[in-house]
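Student: okay, structure incoming, though there's no sequence with it:
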């Protein structure tokens, strides 16, 4: 059985496991106050070309979104997101659980467009009654998006301009950032992201780590007593160095890029074959998530040989499915999949 | 200056003030455990023809919505509402503040249609990933809606049927219930509401009381230790009898209907004149809120003589405004307004 | 049956009811943006001799405590209170409901002593692990306390000094402030309170109003978008002027003092008689709450003729009970009670 | 430098790391729906002799406490704990963050005694006003406690009886359970714990795992939609099998006991030497935490050669410190420490 279900279906890149085994008996300070975390933070600051960046490590993506949004918003504020955003639909209400509304704009292939954001903000401030409404307090985008699409530098800049005009922080969810940074044709670098956002996170879980995400506050804007708030959320890992050491490895010798490169190369190989074979795409994704539309009969046939994700119902006889490559995808498996297709 | 801004611009119906003055020196038990509350509850049970109804009084509408929704939902559940619903937009995130998401369906003139509700529920349960999503746990409607429109009995029945199929409680916000019950042509009675919903509230603040709303649990379904939860929300009035005595008066000798009747009669008088004069309505409302579209220049001219509410921007040169009548509106004032129009 | 149960057992002082009746048909702006609120605020600023004070009106005491504490604390902070404080025990967890811990020091006849506060703060900051603990973020005291006792000016000053040293706001719950200000022998004035605290509230519900409390922020320290947060808590009264007009009356012609005076005079009359008759006091209270210890048999006998409050069990054969006077207590009733005693 | 600071200062037992490396490229389903989790659950059910037990894995201890307490309590309920309990003081308000009060009884060497629990419950239910108070909804104990002490089977049984009488669930925090189960002289087994509690957790983080705790619901009492609530708390690990595989290893061939055994043996060796050398103990702990009182000068001298934890200030010249052994402590290091002592 071939497996293209997800990019978090294997443990971790070998270099990470090797490093953990190496330091197994070292006695290390808890809660992130250790030299592995320090080293990883320094490497991330360099990768961002942002010496002032303040970096924290936590365990998972929903946890990160909940923490960042809750700690950066005032209680009377909500976060603006695309209606397809992860925080809007797939986090079991983790944002609302902390008291904040998710205000939505229509997503376009997973992206928020600056004009839609501006419209929402204009309507809000034009409403004489807006003291009785949730204040837009932050903008959330994902890059790559939940659909695998990417912002251009110009699009990010346009969002940034709206955020500046309304004094809103811009937050970028980089759960799959590795695959975004290495996609063919992207003009967005980690440095751009550090410059254009107020806070973002570098995904580890879906990009070759056992688990873990690195939150980067880029503008001397870390919420007060952030460690206490992480603890209060139940998100402070006792053995914090496990997160630090993984990101230290990911940001050594370009591993984070190598991981992305493999996923993109294998995805491109698959996309090319799908195009040649005349498959119909749900949308064009430049990253490691490939969404195609199949007749249901064909889908069921395929499911006997390949594991993939159900994406959405198109109509009574068609379904969109997803193939996902990752840091761990092997070219021979892609070749085998192409054969079947 | 004529005044058609709102239905909560005056203190209270005279009979209410008179009664409070009468009992001023009576020594009464606090927190709603008094004979005035008991009497009002009994009268409401009769008006609903629902002997099992459990009735509680609180101070305001947003407070009521927050309390009912928070206490009836499980923490992993959200409330489904029209995107124009009061809980969706005009309560400053009071629902999210208690941890619950407001899930929306498109409002049609303020109403939720059963087909849209059914669609949202079907999509949710069809999604293999719905354990990672907010569960729809309750349905919220308002009657009259925020646009002054009313459900028919058949429409309520259709929503009820969907709720039954998905085992969801149906909650009706009756902030302006008096005006809904007495509107010309409505086929929905208080008894219907008690029968078709699991919980609803009878508005006092906008219907002639100083303040206060009566929450009615109709199906032996009062949340456990409800009084403690009211207290925990900061919503338990020490002099609870002030709420009881007002509802006791409102449900004596048909006062609640008389109050509605006056608002409807004056609204109909105004609507008739507006129609005759060729004014353009934003939508057709059978209750005490009248929404018309004016050229901006005309609107500004009018604003010099009449106080009304801004409703929404239609385009660069047109605006929708609202005239609102109430229990306190005088026919001579409507006549004067017609004169100006 | 004589009635000494509470100070919120009657509706309101006649002047208040009279005023509400007078303005009944006036058309007034909602949500507190009206001239009655403005006038009341100005009178309160004068009574406090604090021109910069920012004043808001809400409905009840627990609501006030929840609002003030929640909006003034950061999410990682708790409020320090005496273990007998209202927020510690009798608000059904309203403070915790908003996410904040109540940190306690041992109450001494209901009061917090500066040394105990200092000790708690020293221990907290000395603990190398305090990032894993709730930060003390505010100090809550009540004046009069729940036991009817009062702080001296020197005691308040001592608490203020500790608060200054630790940069903590001091919050005073004045649910029964009228009775505290007019107690014999007190050296604490409203001006002192405005000067020594960062925020306090002037109780209306227990001091002659139908309902309502006035929150006074004294140091240009109103939380951002306070009205929105009041709304989010479900605590924004539509007919806000009902609160304004009551405080306007209470602060006209010394009514708030007259109300206090009556309660104190009648309480002193009763205390004198109790002392002469050799009754045993639980503690010495200079205000309108009188706590005495009775043999249970005597208590039951008394209960046939007088309504009073159970306070606490002393031992198997003795119970502490409370007599409470108020703005509405009549001297002839006190005389009748003394007769029975 | 010798290191006796904590039991979570090293990565993980070698067998765990080995297993993770072995399965590195296996493609596994996310979110805990995998065969490693299934296998671990089955082994835990056997170890508890509780075939009906429902087991879930999460990442850390505070997260576990927050989840269990929040999901098992009604919103109007609080958890009863010793005032020294982890949830009372060292979780940054994680319990209050979810809206629940921690109600405290005085801890005795870290333990809650049944008589104190009963007293709190009796007072609560005897109070005529308890509808205005937080309801005790659950009892929290830790075993070993934060002081390293252990309950006897009889003490647990006594708490159970009180819980039964008041229909309260009993929750046991087993962050260091391995060291409790293997302590010399304990008469409490895992089976006893499963029988006497409603829910408990088996600590991994402090007992040889990289991270992770196993929550065991023992009485068919898992909260509804528990996975959704774990997600809502931001606590659902994408690669859930990482938790499963660790507990699978810990519960294979008695590893969990072997880990405990090493910590107890090394601790006993140290305690014996300390006793012989006449050191003063803060209290008698049968587990891996050893608390002794030193003169400050002696403590500083010692700190040059050994890393240990500050525990608490005893007086101006004395301090209590903690030595902690673990699964990773080597006998030669204990010998070296004894030499220094």
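Tutor: Here it is on my side, so go on. Bear in mind the structure is a predicted one, so any value in this text is a computation, not a measurement.
Student: C-alpha from now on. contacts and neighbour counts both.
Tutor: Fine.
Student: so what's residue A:261 up against?
Tutor: A:179, A:182, A:183, A:327 (Cα atoms under 8 Å, 6 or more residues apart in numbering or on different chains).
Student: helix or strand next in line after the helix or strand hosting it, which one?
Tutor: In the assignment (DSSP states H and E), residue A:261 maps to helix A:255-276. Downstream of helix A:255-276, the first helix or strand assigned by DSSP H and E is strand A:280-281.
Student: partner strands of that following strand, with direction?
Tutor: The strands beside strand A:280-281 in its sheet (DSSP bridges) come out as strand A:289-295 (antiparallel).
Student: would you check that residue A:183 makes contact with residue A:262?
Tutor: No: the pair residue A:183 and residue A:262 does not pass the contact test of Cα atoms under 8 Å, sitting 10.3 Å apart.
Student: out of these two, which sits in the more crowded spot?
Tutor: residue A:183 (24 against 21; other Cα atoms under 10 Å in any protein chain shown).
Student: could you look up the SS state of the more buried one?
Tutor: coil (DSSP: H, G, I helix; E, B strand; the rest coil).
Student: list the residues that contact it.
Tutor: Residue A:183 sits next to A:260, A:261, A:264, A:286, A:287 when contact means Cα under 8 Å, 6+ apart.
Student: looking at the third one now. What's its pLDDT?
Tutor: Looking back up the chat, that one is residue A:264. Listed pLDDT for residue A:264 reads 98.
Student: tell me if I'm right that it and residue A:290 touch.
Tutor: No: with contact defined as Cα under 8 Å, residue A:264 does not count as touching residue A:290 (10.7 Å).
Student: break down the stretch 101-250 of chain A into its helices, ranges please.
Tutor: Per DSSP state H, counting those that start in this stretch, the stretch 101-250 of chain A carries helices over the ranges A:114-126, A:153-165, A:177-181, A:190-196, A:226-232, A:241-250.
Student: quick one: contacts for the closest residue to chain B within the stretch 101-250 of chain A?
Tutor: Checking the stretch 101-250 of chain A residue by residue against chain B with Cα to the nearest Cα singles out residue A:133 as nearest, at 3.9 Å. With contacts defined as Cα under 8 Å, 6+ apart, residue A:133 is in contact with B:89, B:90, B:91, B:92, B:93, C:228.
Student: what's the burial count for the closest residue to it other than its chain neighbours?
Tutor: Among residues not flanking residue A:133 along the chain, residue B:92 sits closest, at 3.9 Å (Cα to Cα, 6 or more residues apart in numbering or on different chains). Counted with other Cα under 10 Å, residues neighbouring residue B:92 total 30.
Student: hang on, residue B:92 is in a strand, isn't it?
Tutor: No: going by three-state DSSP, the assignment for residue B:92 is coil, not a strand.
Student: which ones are touching the residue nearest the centre of chain A?
Tutor: In chain A, the centroid-proximal residue (Cα atoms, centre = their mean) is residue A:175; its distance is 2.2 Å. Listed by Cα under 8 Å, 6+ apart, the contact set of residue A:175 reads A:61, A:142, A:143, A:144, A:201, A:202, A:203, A:204, A:205, A:206, A:207, A:213.
Student: go with 6 Å
Tutor: Neighbouring residues of residue A:175 by Cα atoms under 6 Å, 6 or more residues apart in numbering or on different chains: residue A:203.
Student: what separation do you get for it and residue D:28?
Tutor: 19 Å (Cα to Cα, to the nearest Å).
Student: near chain B, which residues of the stretch 101-250 of chain A show up?
Tutor: Residues of the stretch 101-250 of chain A lying close to chain B (Cα under 6 Å from any Cα of the partner chain) are A:101, A:132, A:133, A:134.
Student: so how far is residue A:101 from the closest residue to the second one other than its chain neighbours?
Tutor: The spatially closest residue to residue A:132, leaving aside those adjacent along the chain, is residue B:92, at 4.8 Å (Cα to Cα, 6+ apart). With distances defined as Cα to Cα, the gap from residue B:92 to residue A:101 amounts to 9 Å.
Student: ok, residue A:236 next?
Tutor: 25 Å.
Student: neighbour count for the two, which is higher?
Tutor: More crowded of residue A:236 and residue A:101, by other Cα under 10 Å: residue A:101, with 31 against 26.
Student: does the residue nearest to residue A:133 touch residue A:135 like I think?
Tutor: No: the pair residue B:92 and residue A:135 does not pass the contact test of Cα atoms under 6 Å, sitting 7.9 Å apart.
Student: so in chain A, where's the weakest helix or strand by average pLDDT?
Tutor: Sorted by mean pLDDT, DSSP states H and E, the helices and strands of chain A end with strand A:309-315, the least confident at a mean of 93.
Student: quick one: it to strand A:289-295, angle?
Tutor: 40 degrees (axes from the mean of the first three to the mean of the last three Cα atoms, to 10 degrees).
Student: what's the burial count for residue A:40?
Tutor: Neighbourhood size, residue A:40 [other Cα under 10 Å]: 26.
Student: how far away is residue A:191 from residue A:56?
Tutor: 18 Å.
Student: quick one: which of the two has more around it?
Tutor: Taking other Cα under 10 Å, residue A:191 and residue A:56 do not tie; residue A:56 has more neighbours (23 against 14).
Student: show me the contacts for the more buried one.
Tutor: A:214, A:215 are the contacts of residue A:56 under Cα under 6 Å, 6+ apart.
Student: what about it, which helix or strand?
Tutor: strand A:54-58.
Student: and the angle for that strand with helix A:241-250?
Tutor: In terms of direction (the same axes, to 10 degrees), strand A:54-58 departs from helix A:241-250 by 120 degrees.
Student: now tell me what touches the following helix or strand past strand A:54-58 from outside.
Tutor: As assigned by DSSP H and E, the chain's next helix or strand after strand A:54-58 is helix A:61-72. With Cα under 6 Å, 6+ apart as the test, helix A:61-72 has contacts from A:95, D:234.
Student: what angle do helix A:61-72 and strand A:54-58 make?
Tutor: 140 degrees.
Student: let me know the outermost residue of chain A.
Tutor: Distance from the centre of chain A peaks at residue A:128, with 36.5 Å (Cα atoms, centre = their mean).
Student: got the phi/psi numbers for it?
Tutor: Residue A:128 adopts backbone torsions of phi -60, psi -20, taken as degrees, to the nearest 10.
Student: avg pLDDT for stretch A:76-86?
Tutor: Mean predicted confidence for stretch A:76-86 is 98.
Student: could you list the residues in contact with it?
Tutor: A:100-107, A:110, A:112, A:134-140.
Student: coming back round to it: so which of the contacts of residue A:133 wins on neighbours?
Tutor: residue B:93 (36 neighbours).
Student: residues near residue A:321, how many?
Tutor: Quick note: residue A:321 (other Cα under 10 Å) scores 21 neighbours.
Student: tell me who's in contact with it.
Tutor: Applying Cα under 6 Å, 6+ apart, the residues near residue A:321 are A:291, A:292, A:309, A:310, A:311.
Student: the same query, at a cut-off of 7 Å, please.
Tutor: A:291, A:292, A:293, A:308, A:309, A:310, A:311, A:312 (Cα atoms under 7 Å, 6 or more residues apart in numbering or on different chains).
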